[in-house]
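*Asks:* Sequence plus the predicted model coming up.
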Amino acid sequence: MKLLESLLSIGPIRKLMWSLWYPFLTRRLRGHEVLFLNYAFETKPAVDLSLDPSDEPHRVCIQLYHHVACQIDLTDKEVLEVSCGHGGGASWLTRTMRPASYTGLDLNPAGVTFCQQRHDLPNLQFAQGDAQNLPFPDSSFDAVLNVEASHCYPDFPAFLREVARVLRPGGQFLYADFRFAEDLSEWESDVVGCPLNIVQQRDIGMEVLRGMDANAARNETLVRTHLPRFLHPLGRDFAGTPGSRVYEALKSKSLFYRSFRLQKDGASESPS
């Protein structure tokens, strides 16, 4: 893991490794209804969120999307999600929040194909593309979502500039991610210095940790069943199972998980 961490600190190598990991994961998990690749979210007391029976197995992952997206009213908005993974969040938000359109973008072509086959809904579409070079014209969207993906990007400030570019005046960036303590100052500086205004931010580390606990048994089974043994440590870290590097760092507060709402200058937008 130490060698992997060293390699992941190099931007181009990080991008290459993630570009190989995610298609591999999609192929390994195909057919097992793994619709969310993010960690999870659970409040204390638990979130009182009404779900359809088909969504119930994904409750704690959906709750993270709910926390991030419901900072504003998405009804009749044109929405982009950057790094949509296997599309579970895109599907749930399209069905429940009623945006005019929802576009899920991901670098992983296998993941995009999976999303297109699995989530066939009106007003929902998926496209392959790079978070640092978004394939959309200026001022295309009312809201952009990004859930637990930006730590993979080699050039995070470039991503923020792209988000600002594709947002309409007054548009909202709804965002959640994590950084280890050694990267915290740079992350904070990048967010403060980006072409968007911070409306609100929140530390949600304990809620995410509770979500990891709720998903622990399922994720451990997925790692053991679908990954070769030599990849089990990486798989556990990716899934945030108890004992993994990410889980223990979050527990010891040497990893910081935050959610944000940022806004582009222009016409005001009221939260929900």
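*Replies:* That came through, no problem.
*Asks:* State which strand of the protein is the longest.
*Replies:* In the chain, with assignment by DSSP state E, the single longest strand is strand 167-180.
*Asks:* so what strands line up beside it?
*Replies:* Here strand 167-180 has these sheet partners by DSSP bridges: strand 141-147 (parallel), strand 255-263 (antiparallel).
*Asks:* Pull out the buried residues from the shortest one.
*Replies:* For strand 141-147, burial by neighbour count (16 or more other CB atoms under 10 Å) applies to 141-147. To be clear about C-beta, it is placed using only N, CA and C from the backbone, and glycine gets the same treatment.
*Asks:* what's the closest of the residues you listed to residue 26?
*Replies:* residue 147 (17.2 Å; CB to CB).
*Asks:* Roughly how far does that closest one sit from residue 83?
*Replies:* 8 Å (CB to CB, to the nearest Å).
*Asks:* before we move on, what about residue 57?
*Replies:* 22 Å.
*Asks:* Would you pull up how far stretch 60-79 lies from the middle of the chain?
*Replies:* 12 Å (CA atoms, centre = their mean, to the nearest Å).
*Asks:* Endpoints of it, how far apart?
*Replies:* 22 Å (CA to CA, to the nearest Å).
*Asks:* rewinding a little: how about the strands paired with strand 167-180, which one is nearest residue 34?
*Replies:* Here strand 141-147 is closest among the strands paired with strand 167-180 (CB to CB), at 15.4 Å.
*Asks:* in this structure, which helix has the most residues?
*Replies:* helix 205-226 (DSSP state H).
*Asks:* and the angle for the very next helix or strand once past that one with helix 205-226?
*Replies:* Using DSSP states H and E, the next helix or strand after helix 205-226 towards the C-terminus is helix 232-239. Interaxial angle of helix 232-239 relative to helix 205-226 (axes from the mean of the first three to the mean of the last three CA atoms, to 10 degrees): 140 degrees.
*Asks:* Centre of the chain to helix 232-239, how far?
*Replies:* 17 Å.
*Asks:* cool, stretch 249-256 as well?
*Replies:* 19 Å.
*Asks:* I figured residue 41 hits residue 211, correct?
*Replies:* Yes: the pair residue 41 / residue 211 is scored as a contact, 4.6 Å apart, by CB atoms under 8 Å.
*Asks:* thinking again about what came up before, look at residue 57 and residue 83 and report which has more neighbours.
*Replies:* residue 83 (25 against 14; other CB atoms under 10 Å).
*Asks:* Would you mind confirming that residue 195 makes contact with residue 158?
*Replies:* No: look at residue 195 against residue 158 with CB under 8 Å: they stay out of range, at 11.6 Å.
*Asks:* Pull up the overlap in contacts between these two.
*Replies:* Here residue 195 and residue 158 share no contacting residue, scored by CB atoms under 8 Å, 6 or more residues apart in numbering.
*Asks:* circling back to that earlier point, so between residue 41 and residue 211, which is more surrounded?
*Replies:* Set residue 41 next to residue 211 and count neighbours by other CB under 10 Å: residue 41 wins out with 27 against 24.
*Asks:* residues contacting the closest residue to residue 212 other than its chain neighbours?
*Replies:* Residue nearest to residue 212 in three dimensions, not counting chain neighbours: residue 240, with 4.3 Å by CB to CB, 6 or more residues apart in numbering. For residue 240, the contact set (CB under 8 Å, 6+ apart) comprises 39-40, 208, 212, 215, 219, 246-247, 250.
*Asks:* who does whatever helix or strand residue 250 lives in touch, helix- and strand-wise?
*Replies:* Following DSSP H and E, the helix or strand that holds residue 250 is helix 245-251. Here helix 245-251 touches strand 167-180, helix 205-226, strand 255-263, going by 3 or more CB pairs under 8 Å, 6 or more residues apart in numbering; DSSP states H and E.
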